[in-house]
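Trainee: Provide a 3D model corresponding to the input given below.
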Amino acid sequence: KAVLLLKKKRYQEQLLDKTENQISNLERMVQDIEFTQIEMKVIEGLKIGNECLNKMHQVMSIEEVERIIGETQDAVEYQRQIDEILAGSLTEEDEDAILEELNTITQEQMELPEVPSEPLPEKIPEASPVKNRPKPELVAAS
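Mentor: Model (predicted):
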């Protein structure tokens, strides 16, 4: 009877090992299937992205982009010229003329009024308290 029980025990242990191996195989298969599904989603996303890029390339050709860049550079150059005109950029000749005019003005004798020799009157402080006036608000120019 003991031998029969030992045989039954060994058979159940072997059956348990086979079952554990099968469960392990099933878990690996499930993980592989999940990974494959993720790969399929990535590939589908890449496919959609590629289609979008192709459509954008059809709409926007290289010549069109170069034309837009050229127009932008022309507009920037034009704006720079306008800024120079508005800023009053002076040429070297203009600066020389300004310096020469400054020298002639500073070398001329200017007639200044005479300074009085009498002492200034002293200011008498007022006895009444000074009223606080509200300060005017500054408004930013627009």
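
Trainee: show me the shaky parts of this structure.
Mentor: 88-90, 109-110, 112, 125-142 (pLDDT under 70).

Trainee: what domains does the record give for the protein?
Mentor: 1-60, 61-106 (the TED database).

Trainee: quick one: closest of those to Glu122.
Mentor: domain 61-106 (37.5 Å; CB to CB). Quick note: C-beta positions are derived from backbone N, CA and C, even for glycine.

Trainee: now the closest one, how far from the centre of its chain.
Mentor: Offset of domain 61-106 from its chain centre (CA atoms, centre = their mean, to the nearest Å): 28 Å.

Trainee: please apply the same query to stretch 43-53.
Mentor: Centre to centre, stretch against its chain (CA atoms, centre = their mean), the figure for stretch 43-53 is 28 Å.

Trainee: and Tyr78, how many neighbours?
Mentor: Number of residues near Tyr78 (other CB atoms under 10 Å) recorded here: 10.

Trainee: I meant Glu77, not that one.
Mentor: 10.

Trainee: which helix or strand contains it?
Mentor: helix 62-87 (DSSP states H and E).

Trainee: cool, Glu122 as well?
Mentor: Counting by DSSP H and E, Glu122 is part of no helix or strand.

Trainee: list phi and psi for it.
Mentor: phi -80, psi 140 (degrees, to the nearest 10).

Trainee: separation between it and Val115?
Mentor: 19 Å (CB to CB, to the nearest Å).

Trainee: what do you get for Lys18?
Mentor: Applying CB to CB to Lys18 and Val115 gives a distance of 122 Å.

Trainee: do Gln73 as well
Mentor: Distance, Gln73 to Val115, using CB to CB: 62 Å.
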